[in-house]
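Trainee: okay, sequence plus prediction incoming.
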Amino acid sequence: MKSRVVTSIRLAIESLLDRLRENSLFRSISRRYGRRYWQLPRLLRRRLYFEASASSLPGARTWKFGRGEMVEAAAGIAKIDTPLDEQRMVARPFKTRPPAVTRLDEAWLVGKYAAPITPRGRLILSAFRDEPGILGLETHPDIEAWLLTPDAAKAELPELEHVWPMVNRLQGNYYHWLIEWCGRLEQIEAYGAQVGNLPRLLIPEKGPDYIRASLKLLGFAPETWIPWSESSAPRKIHGLVLPSFRGSSLGASPASLQWLRRRFLGAAGSKAAEPHRKIYIPRGQGGWRCVLNDEEVSAWFLSEGYEVWQPHLFPLAEQIRRFSEASLIVGLHGAALTNILFAPGARLIELLGDYGDGVYFNMAERMRQPYEALFCKSVGDDVVVDLEALKLSVGRQARQGARSQRNLEHASYGT
């Protein structure tokens with residue numbers, strides 16, 4: 001009797017925790033006020049201000065462009081098809097905030113991530129994905145020193161006019177840069193058309209090649225950039241621009257993803273063609289997270305006529321052109337799967353271990369592209385792929401892709 005009671009209590013607690021993990025309000029509160037928030041120095045905790053609330057700051061003006069989107073999952077998506085907590089959340093309907101741009105009359109940019117600080121000493125979290133937990137990934141003595149600096153000592157520092165700081169803590173991640181930062185350039189263009197001129201873009205002086213390449217492809221030439229290094233002195237900004245992320249904590253909006261897809265494909269010179277490339281994306285051995293039996297996996301893919309290559313070894317425009325011709329993409333959870341953005345005719349098989357979330361399920365789902373998760377045996381952060389299970393998954397997606405193509409051809413013939 002006692003063991004049954006204990007078991008019932010344990011199951012009830014587990015059920016409650018499962019529901020909490022899937023609750024968007026609970027997750028939002030956890031992101032804002034989780035463990036890393038309380039590990040921040042008291043000085044920073046008292047000065048934090050969320051980017052989403054910047055429009056309420058003194059001297060702020062906001063331009064809105066349309067309404068938020070009601071985002072719903074494709075028909076047929078069921079809980080059993082979405083095994084991760086994040087995937088189950090994405091599969092539920094949610095509404096995004098209206099796209100907007102807020103401009104502050106004055107602010108300071110401080111530290112290696114050009115963190116905006118208001119004249120009243122409020123640290124806006126725009127450079128940290130609006131999450132105290134991202135700020136708490138490292139210490140920030142430069143910001144703390146600035147908050148303690150007397151106003152008189154700040155008067156003689158250099159100034160800039162009309163700037164959007166794109167420097168941020170996650171700029172070294174391909175997904176975050178392309179989707180969350182380049183996606184905001186849509187609002188920047190709309191804002192520039194309304195006020196009559198575009199803001200300058202503050203970008204990292206040193207960083208991955210895709211940062212500058214993506215800006216050029218999206219039509220923002222080098223003359224619009226201002227470099228910022230980790231050792232740059234604080235600067236006063238007249239007209240600090242903060243575009244909103246057109247999406248929610250669950251992921252980017254479909255409209256934003258489609259805008260990025262159109263602009264990148266057009267700029268890279270991708271031509272509409274029947275998808276024919278089958279691509280497997282390996283992750284280098286010895287780095288963080290890899291397929292331990294990748295030699296065996298890659299050899300099988302090569303024997304089946306797949307292209308096996310690492311996208312980051314190619315210029316961004318070449319990556320875009322290759323992926324635009326893809327019919328099937330397979331790879332371990334990681335930033336390289338962001339390239340599904342450029343592959344409107346592709347199906348995605350994501351290899352998952354203990355590490356993973358709903359990011360690429362979200363992208364595929366929002367762009368109405370078939371997705372399948374293949375769970376693998378985890379060895380620490382790495383995985384071992386069951387080759388037989390992989391063959392079944394690949395074969396299933398290939399057959400479904402061929403069936404869809406035949407249906408499309410029959411429909412075209414019938415018209």
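Mentor: On my side now, so go ahead. Residues are numbered from 1 along each chain as shown.

Trainee: got the end-to-end distance for stretch 302-319?
Mentor: From its first residue to its last, stretch 302-319 covers 19 Å (Cα to Cα, to the nearest Å).

Trainee: report the distance from that stretch to the chain centre.
Mentor: On the basis of Cα atoms, centre = their mean, to the nearest Å, stretch 302-319 sits 21 Å off its chain's mean C-alpha point.

Trainee: and if you look at stretch 230-247?
Mentor: 19 Å.

Trainee: residue 273 touches residue 322, doesn't it?
Mentor: No. Counting by Cβ atoms under 8 Å, residue 322 is not a contact partner of residue 273; they are 11.5 Å apart. Glycine gets a C-beta too; all of them are placed from N, C-alpha and C.

Trainee: neighbour count: these two, which is higher?
Mentor: Shown here are residue 273 and residue 322; by other Cβ atoms under 10 Å, residue 322 has more neighbours (20 against 10).

Trainee: what residues of whichever strand or helix holds that one count as buried?
Mentor: Element membership for residue 322, per DSSP states H and E: helix 316-323. Using 16 or more other Cβ atoms under 10 Å as the test for burial, helix 316-323 gives 316, 317, 319, 320, 321, 322, 323.

Trainee: can you add distance to residue 138 and give these back as CSV?
Mentor: Listed next are those as CSV, based on distance: Cβ to Cβ, whole Å:
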residue, distance to residue 138
316, 28
317, 33
319, 30
320, 33
321, 37
322, 35
323, 33
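
Trainee: now the element after the helix holding residue 322, going C-ward?
Mentor: Moving toward the C-terminus from helix 316-323, the next helix or strand (DSSP H and E) is strand 326-332.

Trainee: pLDDT (mean, whole number) over that next one?
Mentor: The average pLDDT within strand 326-332 is 97.

Trainee: neighbouring strands - and their directions - for the helix or strand following it?
Mentor: Sequence order places strand 347-352 as the next helix or strand after strand 326-332, per DSSP H and E. Sheet pairing of strand 347-352 (DSSP bridges) gives strand 326-332 (parallel), strand 371-375 (parallel).

Trainee: CA atoms of strand 347-352 as CSV?
Mentor: Output in CSV follows, covering the C-alpha atoms of strand 347-352 (Å, rounded to 0.1, in the frame of the first residue of the first chain):
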residue,chain,number,x,y,z
ARG,A,347,13.0,17.5,-46.4
LEU,A,348,15.0,17.5,-43.2
ILE,A,349,16.2,14.6,-41.0
GLU,A,350,17.7,15.9,-37.8
LEU,A,351,19.9,13.6,-35.7
LEU,A,352,19.4,14.2,-32.0
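
Trainee: tell me the secondary structure at the residue nearest to residue 35 when sequence neighbours are not counted.
Mentor: Spatial nearest neighbour of residue 35, chain neighbours left out: residue 133 (7.9 Å); criterion: Cβ to Cβ, 6 or more residues apart in numbering. Under the three-state scheme (DSSP: H, G, I helix; E, B strand; the rest coil), residue 133 adopts helix.

Trainee: so residue 133 touches residue 31, yeah?
Mentor: Yes. Contact criterion Cβ under 8 Å: residue 133 and residue 31 qualify, at 6.1 Å.

Trainee: near residue 257, how many other residues are there?
Mentor: Neighbour count of residue 257, defined by other Cβ under 10 Å: 21.

Trainee: so where is the stretch 151-300 of the chain shaky, pLDDT-wise?
Mentor: Within the stretch 151-300 of the chain, the ranges that satisfy pLDDT under 70 run 249-250.

Trainee: list the contacts of the helix or strand hosting residue 37.
Mentor: Element membership for residue 37, per DSSP H and E: helix 35-39. With Cβ atoms under 8 Å, 6 or more residues apart in numbering as the test, helix 35-39 has contacts from 45, 132, 133, 135, 136, 137.

Trainee: how much space between the nearest residue to the first one once chain neighbours are set aside and residue 54?
Mentor: Counting by Cβ to Cβ, 6+ apart, residue 45 lies nearest to residue 37, which is 6.9 Å off, once chain neighbours are set aside. With distances defined as Cβ to Cβ, to the nearest Å, the gap from residue 37 to residue 54 amounts to 19 Å.

Trainee: ditto for residue 131
Mentor: 15 Å.
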